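Trainee: Coordinates for the following, if possible.
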Amino acid sequence: MQINTFKHNDKQDRDSVESSTNKMGFIESYFFYPSFWHKILAFALLPFSCIYALITLYKKCFAKKRNFNVKILSIGNLVSGGSGKTPFCIALTNYLQIKGYTDIYVVLRGYKRKSKGLIQVSSNGEILVNVAQSGDEAMLIAMQTKASVLVSESRIKALEYIQAKDSKQSIVILDDAYRFNFNKFDILLEPKLKPYFPFVLPSGYYRFPESFYTKCDLHLKEDRDYKRSVSISHVKDSNRESKYILATAIANPSRLKPYLPENIVYEYYLADHAEFDFNILKTLLEKYHATHILMTQKDYVKCLDFNLPFALLMLDIKIESSALKSIESFLNTESFFAKQG
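Mentor: The predicted structure follows:
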């Protein structure tokens, strides 16, 4: 497996991406690179955004907090997706395990999985189900950490399952849980790529007003508190000049642009979490005379059985030491629940 590294071009800005908006889905172009008519629509929908904001604020501010007597690290965001929560969870989990925290659970919804209810995806790194049952994000975390990964539509049921094990030393990393009123340590990630308008849904991409970055326990900004680095890993056939088909099914795929090599001959976008078809990928390779299908690791876990030449965008998150110290300080605070209850 050959790995090539390259640097993020910090000079890339919104204008350099707009030339490819015709390849984007409506959601990304509307929220991040809006046309004139998109902007008109966004302002027309503002009354509905006000109603949405009032409902979410009421639920967040007035619902009673629930205590599960287990230390919960909530990894969340104010935008509706694409902030790097999954690689952040992986980086944080691996760091905590190196520091001696061994009883770690990661809990996700398991979006777009072909299963229902509470499912244990892995136990201390041992994978128990397939990607169809777990969903792509949960499988990626299970493959890259030694944590016990759970998926459940109900975060409450997952936390009750962990609580029933009566392990006071357990740490739960809860994905996308800012909106839930649990006793937890709230970490909000602010991605570098911001929505065009600072509005909540449906006029903007925010689920809570942008001012809520000040209403969490730890606000982390990309490139200040955590940084992404990307390398390309060739799964097979790396001893020739590569020409890539970019195939991706992630939210806001334009955020990949700064990390892509120049020799991409075609870009193939699907909706977030969508499945890939072997025959379509094979046909694209042949049609464009490409050497590899280039995709993210989250996409690749859905294609492990495809006998095709893949190259992977290996995303690594580096969390700054000041942020890690804040998280460890919480984990070492015995009186947390007494203060929060």
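Trainee: Name the next helix or strand downstream of the worst-scoring helix or strand of the chain on mean pLDDT, please.
Mentor: Counting by mean pLDDT, DSSP states H and E, the chain has its least confident helix or strand at helix 14-18, which shows a mean of 37. For helix 14-18, the following helix or strand on the C-terminal side (DSSP states H and E) is helix 26-32.
Trainee: Show me how far that following helix is from its chain's centre.
Mentor: The chain centre lies 18 Å from the centre of helix 26-32; the measure is CA atoms, centre = their mean, to the nearest Å.
Trainee: same deal with stretch 137-156?
Mentor: That offset, for stretch 137-156, works out to 12 Å (CA atoms, centre = their mean).
Trainee: can you list the weak-confidence ranges in this protein?
Mentor: Under the criterion pLDDT under 70, the flagged ranges of the chain are 1-24, 166-168, 237-240, 334-341.
Trainee: So which residues of it form helices?
Mentor: Applying DSSP state H to the chain gives helices spanning 14-18, 26-32, 36-44, 46-62, 85-98, 131-134, 136-144, 155-164, 278-287, 297-300, 321-331, 336-340.
Trainee: Out of the ones you listed, which one sits most buried?
Mentor: helix 136-144 (a mean of 24; mean count of other CB atoms under 10 Å). In this view, the C-beta of every residue, glycine as well, is placed from N, C-alpha and C.
Trainee: tell me what it is packed against?
Mentor: Counting contacts by 3 or more CB pairs under 8 Å, 6 or more residues apart in numbering; DSSP states H and E, helix 136-144 is packed against helix 85-98, strand 104-108, strand 126-127, strand 148-151, helix 297-300.
Trainee: between those, which gets nearest to Ala311?
Mentor: Proximity to Ala311 (CB to CB) singles out helix 297-300 among the helices and strands packed on helix 136-144, at 9.6 Å.
Trainee: nearest to Asp175, of the helices of the chain?
Mentor: Comparing the helices of the chain by CB to CB, helix 85-98 comes nearest, at 5.9 Å.
Trainee: Show me what the closest one is packed against.
Mentor: Against helix 85-98 (3+ CB pairs under 8 Å, 6+ apart) you get strand 71-76, strand 104-108, helix 136-144, strand 171-175, strand 226-234, strand 310-319, helix 321-331.
Trainee: just so I know, which of these lies nearest Ala158?
Mentor: Judging these by CB to CB, what sits closest to Ala158 is strand 104-108, at 4.6 Å.
Trainee: so that closest one versus helix 155-164, what angle?
Mentor: Here strand 104-108 runs at an angle of 160 degrees relative to helix 155-164 (axes from the mean of the first three to the mean of the last three CA atoms, to 10 degrees).
Trainee: now for strand 104-108, which elements pack on it?
Mentor: Short answer (3+ CB pairs under 8 Å, 6+ apart): strand 104-108 packs on helix 85-98, helix 136-144, strand 148-151, helix 155-164, strand 171-175.
Trainee: Next, format those as TSV and append distance to Asn252.
Mentor: Below are the helices and strands packed on strand 104-108 laid out as TSV (distance: least, CB to CB, whole Å):
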stretch	distance to Asn252
helix 85-98	13
helix 136-144	15
strand 148-151	23
helix 155-164	24
strand 171-175	17
